[in-house]
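1. test case, fold it:
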Amino acid sequence: MSTLDLVAVTKRYGDIVAVDDATLSVPPGSFVCLLGPSGCGKTTLLRIIAGLESASSGEVKFEGERIDATPVHRRDFGMVFQSLALFPHLSVRENIAYPLKIRGRGKAEREKRVAELLDLVRLPGVADRPITQLSGGQRQRVAIARALSVSPKLFLLDEPLSALDAKLREAMQVELRQLQERLGITTIVVTHDQREAMTMADAIVVMEGGRILQMDRPIDVYRKPASPFVADFLGQTNCLVAKPGKGGAEIAGGTIPGLQLGAGRREAEISVRPEDVVIRPAGDAPIPATVEFVRDMGSAVEIYLSTEAGRMIAQRASGHDALAVGDEVSLSIAPDAVVVFSEGVAR
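-> Presented below is the predicted three-dimensional model:
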């Protein structure tokens, strides 16, 4: 049974379609990331789930029951906004206890719950500190604790880590995922950060233009993208046009032996991840190329290459013989590393 089901959910603002026929099912206890570029509809969809926006059409179901008309305060969902929306004039304790206070919970219950949550988010001893004296990461934890204070049935987060610096953001990604696993609460996070989605999610929902293009495990979205847009958006890839050739498919002035594009096709869009592009000495592989730029990232090296089809990117672990700009090389690609798209669907 799904915890949350969206059935053909659409949201219009006049002539603008912000969410277009969105249908998905979220399994209980799962961590799902809504991923896509700015303006793709992911935050609008999250707000519809939360009850902060109403859908123009379609159904929102929670645990099998329709909740389209259920007001926000009766959905028992916890939400962390991008701005965090903490009260600067209140202490940490008062911020976390606020949802309990407005629900009429007693002081003793509030104090006990605040202490539990501060331990849960690893912030013991800061209950009396003003919000203004906390670091960005600490404020993030307080916002999460406040959203969890009423033991929500569904946890919703709208780009919760976007304001943090890169190192702290990566640390918080791991902490947030570990927290969700300990609680076992169904969680939906909006993000535009592909690495963040790959780190945290059980399933990634890729959106563009208000539509859901693919929902799948992170590794399957990466390795089996449903469209060229998904392939290009999630990580780096080489999007190329291939044509049938003798014994394989022709790309970039060379051949991928054994690659089949489908009967009767004159050309097809394909995707090849940089780590699947193998660089060999000139003449030792089917696709000729010239090194344009080399970027050493420590654990890996990215090589930008000029080919007949335009720029390609290869990636390999550090420690190989160094390449220099202007070097003539050749490239090989295994056919099973290629995604062939047909009418926007991976084959």
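
2. backbone dihedrals for residue 340, please?
-> Note on residue 340: backbone dihedrals following degrees, to the nearest 10 are phi -100, psi 130.

3. bridged to it, which residues?
-> Taking DSSP bridges, one obtains residue 270 as the residues bridged to residue 340.

4. who's in contact with it?
-> By CB atoms under 8 Å, 6 or more residues apart in numbering, the residues touching residue 340 are 242, 259-262, 268-270, 346-347. Where you see a C-beta, it was placed from the backbone N, CA and C, and this is true even at glycine.

5. measure it to residue 185 for me?
-> As judged by CB to CB, to the nearest Å, residue 340 and residue 185 stand 39 Å apart.

6. now the helix or strand residue 212 falls within: mean pLDDT?
-> According to DSSP states H and E, residue 212 maps onto strand 211-216. The average pLDDT for strand 211-216 rounds to 96.

7. for the helix or strand following that strand, name the packing helices and strands.
-> Heading C-terminal from strand 211-216, the first helix or strand you meet, by DSSP H and E, is helix 218-223. The helices and strands touching helix 218-223, judged by 3 or more CB pairs under 8 Å, 6 or more residues apart in numbering; DSSP states H and E, are helix 194-200, strand 203-208.

8. could you pull out the strands for the stretch 101-250 of the chain?
-> Counting by DSSP state E, counting those that start in this stretch, the stretch 101-250 of the chain has strands at residues 154-158, 186-191, 203-208, 211-216, 238-245, 248-251.

9. which of those sits most buried?
-> Comparing the strands of the stretch 101-250 of the chain by mean neighbour count (mean count of other CB atoms under 10 Å), strand 186-191 ranks first with a mean of 26.

10. so for it, mean pLDDT?
-> 96.

11. contacting residues around it?
-> Contact with strand 186-191 is made by 3-4, 26-35, 42-43, 46, 49, 153-162, 176, 180, 197, 200-201, as judged by CB under 8 Å, 6+ apart.

12. each with direction, which strands does it pair with?
-> Here, using DSSP bridges, strand 186-191 pairs with strand 31-35 (parallel), strand 154-158 (parallel).

13. does residue 305 belong to a helix, a strand or coil?
-> What DSSP: H, G, I helix; E, B strand; the rest coil gives for residue 305 is strand.

14. what's the neighbour count on it?
-> By the measure other CB atoms under 10 Å, the count of residues near residue 305 is 25.

15. return the residues in contact with the nearest residue to it once chain neighbours are set aside.
-> By the measure of CB to CB, 6 or more residues apart in numbering, the closest residue to residue 305 outside its immediate chain neighbours is residue 289, 4.1 Å from it. Counting by CB under 8 Å, 6+ apart, residue 289 makes contact with 252, 279, 305-307, 312, 328-331.

16. residue boundaries of the helices in the stretch 51-200 of the chain?
-> Applying DSSP state H, counting those that start in this stretch to the stretch 51-200 of the chain gives helices spanning 92-102, 107-120, 136-148, 166-183, 194-200.

17. so of these, which one's packed in deepest?
-> Highest mean neighbour count of those: helix 136-148, a mean of 22 (counted as mean count of other CB under 10 Å).

18. hmm, who's touching that helix?
-> 78-81, 84-86, 92, 95-96, 98-99, 114, 117-118, 120-123, 126, 131, 134, 155, 157, 160-161, 163-165, 168, 171-172, 176, 179, 183, 185.

19. and that helix with strand 154-158, angle?
-> 150 degrees (axes from the mean of the first three to the mean of the last three CA atoms, to 10 degrees).

20. pLDDT averaged over helix 136-148 - what is it?
-> Helix 136-148 comes out at a mean pLDDT of 90.

21. what of stretch 100-117?
-> 91.

22. what's the answer for stretch 222-242, then?
-> Mean predicted confidence for stretch 222-242 is 93.
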